[in-house]
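Visitor: need coordinates for the following:
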Amino acid sequence: MRSDTIKKGFERAPHRSLLRAVGLKDEDFDKPFIGIANSHIDIIPGHFFLQEYGRIAKEEIRRAGGVPFEFNTIGVDDGIAMGHGGMKYSLPSRELIADSVETVMEAHQLDALLCIPNCDKIVPGMLMGALRVNVPTIFCSGGPMKAGVLKDGTSIDLSTAFEAVAKRAMGKMTDEELYEIECKACPSGGSCSGMFTANSMNVLCEAMGIALPGNGTILALTPEREALLRRAARRTVEIATRPEFNMRTILNRDAVQNAIVVDMAMGGSSNTVLHLLAVAREAGVPLDLKDIEAVALKVAHIAKIAPSLSTVHIEDVHRAGGVSAVLKEIARRGDAVRTSARTVTGETIGERIAGAEVLDRSVIHDLEHAFSPVGGIAVLFGNLATEGAVVKTAGIEPGMRKFTGRAICFDSQDESVAGIMAGKVKAGDFVVIRYEGPKGGPGMQEMLSPTSLIMGMGLGDSVGLVTDGRFSGATRGACVGHVSPEAAEGGAIALVKDGDPITIDVETRALTLGVSEEVLASRRAAWRLPEKPVASRWLRRYAAQVTNASNGAVLVDR
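Guide: Here you go, the predicted model:
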């Protein structure tokens, strides 16, 4: 066993002495040592109950013949960090989480790993760390929350609350109506109820075979979720000394392909593109935006889930057959689904989905009645994004799939929020928010506040938005993010001026600035990077090492 490094031989007597201090007995030194990476933190709804899940996991690991060692990672709640400087720390936290998992597992030479994440950057952070360690690993998230329900029966979620702020600001909603939404949008523990980033990533873990069936869709704080956790904990012990279940063996090129397939079929958060690029890099799998777009063109969008112009939530997807049913439907045609991919349960993806069935066609459509013949996320290229940009097409109004608007430029998210609230943005405008990329932010803030204001003000069918920052999974509308090169690198988005025509064309996958190359060259020659003091030493280090979004916003060695 890998853990023999710290527990076997006379020279390891001091190590065993320390291990005895935490409760180990003679018989424990012949058992596999299992790490439990738990992302429990009190301030995040998807995580405040994970301490109890950790206790359950330890109990099951002991019963199965392993020795559990639980450790914790940090976490950032994007919804709470949204709209102020705290959001600059969200994406960087992914790197801290990955480093933390690697550090604990390598320092103590543990044999296997059970990851208990749930939200946003925590899932990809744990994925990245686990891939570096490369031991048998299983992911079991805390699970999604239920959707909220208003007194009139309307289904709501976190995006409803953000958009309600704009309605209240415009006098279209009373304080009482806003208060009801505030109190009911997030009715329980769990990751936010729509196809936001957290649920998107947990669904992708299931598709990649590193989680058990149901990981992405079984509700949090239910007996069914607890049973899933117990099975995952037992299975971690079963595979602990079997190298065929090492993380990089399971999470290979086929696994990444299946993740992209499900992402496109279900219209996941645009953040998944950023995270898949980073995860693939850790896995040693070549992947770029063109590869992702190639899969998108082969996969139909068959499940439209909130906030993508839908009242369907993750609990509905589970009731309708879950991730396996989605994969099985896509596998009916073409070869996009890699059915021979292995999973942590020992079966192939093909074997896993063989008995799956779509139980509600209003939630998971068949291929003949897909919402779109291509995926719910698109990669755009053009002179405004020569290295690519990303848009969640599943959330775009039909009339905005091809749109030309007048640029109105803001050099930060704060400027854009103030400008939108002040009425500076009108129908026919294309909002530009720049210097918010990984380097420029630094930290690549999510833009849920400005996008929600646009939707809440009723401008979702007449205003576009483009940024080198990124979006919450709760964002909807003609919102293009991840523009690369970013403004801080001198990308074309830094050269846009008010009034310039910008065109998005989803069908041709184009993002175009209607300015001649000669004019752009003149502007580029005159461009200077604006001074932007950054007080945080951590964020300064991050900005110095981070790549742009087209490369997954990963840190590189200098």
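
Visitor: for the chain, give me the ranges with low pLDDT.
Guide: Flagging of the chain using pLDDT under 70 yields the residue ranges 558.

Visitor: dead centre of it: give me the residue that sits there.
Guide: Thr197 (3.7 Å; CA atoms, centre = their mean).

Visitor: strands along this structure, start to end?
Guide: 33-38, 67-72, 112-116, 137-139, 148-149, 155-156, 378-382, 385-391, 402-410, 429-433, 464-467, 479-484, 501-505, 510-513 (DSSP state E).

Visitor: right, so of those, which gets closest to Val363?
Guide: Closest of the strands of the chain to Val363 is strand 155-156, at 12.8 Å (criterion: CB to CB). To be clear about C-beta, it is placed using only N, CA and C from the backbone, and glycine gets the same treatment.

Visitor: report all helices and strands that the closest one contacts.
Guide: For strand 155-156, the elements it packs on are strand 148-149, judged by 3 or more CB pairs under 8 Å, 6 or more residues apart in numbering; DSSP states H and E.

Visitor: so how far is the strand it packs on from its chain's centroid?
Guide: Mean-position distance between strand 148-149 and its chain equals 23 Å (CA atoms, centre = their mean, to the nearest Å).

Visitor: go on, stretch 239-254?
Guide: Using CA atoms, centre = their mean, the offset of stretch 239-254 from its chain centre is 22 Å.

Visitor: returning to that earlier point: with distance to Val104 and mean neighbour count added, can I get the strands of the chain in JSON lines?
Guide: Formatted as JSON lines, these follow (distance: least, CB to CB, whole Å; neighbours: other CB atoms under 10 Å):
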{"stretch": "strand 33-38", "distance to Val104": "7", "mean neighbour count": "26"}
{"stretch": "strand 67-72", "distance to Val104": "5", "mean neighbour count": "20"}
{"stretch": "strand 112-116", "distance to Val104": "9", "mean neighbour count": "29"}
{"stretch": "strand 137-139", "distance to Val104": "13", "mean neighbour count": "30"}
{"stretch": "strand 148-149", "distance to Val104": "36", "mean neighbour count": "18"}
{"stretch": "strand 155-156", "distance to Val104": "39", "mean neighbour count": "21"}
{"stretch": "strand 378-382", "distance to Val104": "36", "mean neighbour count": "23"}
{"stretch": "strand 385-391", "distance to Val104": "33", "mean neighbour count": "24"}
{"stretch": "strand 402-410", "distance to Val104": "41", "mean neighbour count": "19"}
{"stretch": "strand 429-433", "distance to Val104": "38", "mean neighbour count": "26"}
{"stretch": "strand 464-467", "distance to Val104": "36", "mean neighbour count": "29"}
{"stretch": "strand 479-484", "distance to Val104": "31", "mean neighbour count": "29"}
{"stretch": "strand 501-505", "distance to Val104": "44", "mean neighbour count": "20"}
{"stretch": "strand 510-513", "distance to Val104": "42", "mean neighbour count": "22"}
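
Visitor: can you list these in a markdown table and add distance to Asn551?
Guide: Shown next, in a markdown table, are the strands of the chain (distance: least, CB to CB, whole Å):
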| stretch | distance to Asn551 |
| --- | --- |
| strand 33-38 | 26 |
| strand 67-72 | 29 |
| strand 112-116 | 24 |
| strand 137-139 | 24 |
| strand 148-149 | 37 |
| strand 155-156 | 36 |
| strand 378-382 | 14 |
| strand 385-391 | 8 |
| strand 402-410 | 25 |
| strand 429-433 | 21 |
| strand 464-467 | 17 |
| strand 479-484 | 8 |
| strand 501-505 | 23 |
| strand 510-513 | 18 |
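
Visitor: figure out which of those is closest to Met455.
Guide: When the strands of the chain are compared by CB to CB, strand 479-484 sits nearest Met455, at 9.4 Å.

Visitor: parallel or antiparallel, list what pairs with that closest one.
Guide: Using DSSP bridges, strand 479-484 pairs in its sheet with strand 385-391 (antiparallel), strand 464-467 (parallel).

Visitor: save those strands as TSV, and put in distance to Val337 too.
Guide: Formatted as TSV, those follow (distance: least, CB to CB, whole Å):
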stretch	distance to Val337
strand 385-391	22
strand 464-467	33
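
Visitor: of the ones you listed, which is nearest Ala510?
Guide: Checking those against Ala510 by CB to CB gives strand 385-391 as the closest, at 9.3 Å.

Visitor: distance between the closest one and the chain's centre?
Guide: 18 Å.

Visitor: and the angle for it with strand 501-505?
Guide: In terms of direction (axes from the mean of the first three to the mean of the last three CA atoms, to 10 degrees), strand 385-391 departs from strand 501-505 by 60 degrees.

Visitor: dump strand 385-391 to CSV, restricted to CA.
Guide: C-alpha atoms of strand 385-391 as CSV (Å, rounded to 0.1, in the frame of the first residue of the first chain):
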residue,chain,number,x,y,z
ALA,A,385,-12.0,37.2,-29.6
THR,A,386,-9.2,35.7,-31.7
GLU,A,387,-8.5,33.0,-29.1
GLY,A,388,-12.2,32.4,-28.4
ALA,A,389,-15.1,33.4,-26.2
VAL,A,390,-18.0,31.4,-24.6
VAL,A,391,-21.8,31.9,-24.6
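
Visitor: tell me the angle of it relative to strand 378-382?
Guide: Orientation check (the same axes, to 10 degrees): strand 385-391 against strand 378-382 gives 150 degrees.

Visitor: end-to-end on stretch 469-476?
Guide: Taking CA to CA, to the nearest Å, the first and last residues of stretch 469-476 lie 15 Å apart.

Visitor: OK, contacts around the closest residue to Ala543 other than its chain neighbours?
Guide: Closest residue in space to Ala543, ignoring its immediate chain neighbours: Pro442 at 3.7 Å, by CB to CB, 6 or more residues apart in numbering. Residues in contact with Pro442 (CB atoms under 8 Å, 6 or more residues apart in numbering) are 88, 92, 534, 539-540, 542-543, 546.

Visitor: now do the helices in the stretch 351-500 of the chain.
Guide: Along the stretch 351-500 of the chain, counting by DSSP state H, counting those that start in this stretch, helices occupy 413-421, 448-456.

Visitor: possible to save the ones you listed as CSV with mean neighbour count and distance to Pro45?
Guide: CSV is the format used below for those (neighbours: other CB atoms under 10 Å; distance: least, CB to CB, whole Å):
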stretch, mean neighbour count, distance to Pro45
helix 413-421, 20, 23
helix 448-456, 27, 16
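
Visitor: what's the burial count for Pro124?
Guide: Counted with other CB atoms under 10 Å, the neighbours of Pro124 add up to 28.

Visitor: test my guess that it contacts Val279.
Guide: Yes - using CB atoms under 8 Å, Pro124 is in contact with Val279, at 5.9 Å.

Visitor: how near is Trp538 to His84?
Guide: Remark: distance between Trp538 and His84 (CB to CB, to the nearest Å) = 17 Å.

Visitor: rewinding a little: closest to Thr222 out of the strands of the chain?
Guide: Of all these, strand 112-116 comes closest under CB to CB, at 15.7 Å.

Visitor: give the contact list for the nearest residue to Arg242 once chain neighbours are set aside.
Guide: Nearest non-adjacent residue to Arg242, counting by CB to CB, 6+ apart: Pro136, 6.2 Å away. By CB under 8 Å, 6+ apart, the contact set of Pro136 is 111-113, 236, 239-243, 245-247, 344.

Visitor: and if you look at His365?
Guide: Neighbour list for His365: 302-303, 371 [criterion: CB under 8 Å, 6+ apart].

Visitor: scan those and report the most crowded one.
Guide: Ala303 (30 neighbours).

Visitor: ok, it touching Met266?
Guide: Yes - look at Ala303 against Met266 with CB under 8 Å: they come within range, at 4.6 Å.

Visitor: circling back to that earlier point, wait, which of the contacts of Pro442 is closest to Gly35?
Guide: Once CB to CB is applied, the member of those that ends up nearest Gly35 is Pro92, at 23.4 Å.

Visitor: circling back to that earlier point, which one of the contacts of Pro136 is nearest Gly514?
Guide: Distance to Gly514, by CB to CB, is smallest for Met247 among these, at 46.6 Å.
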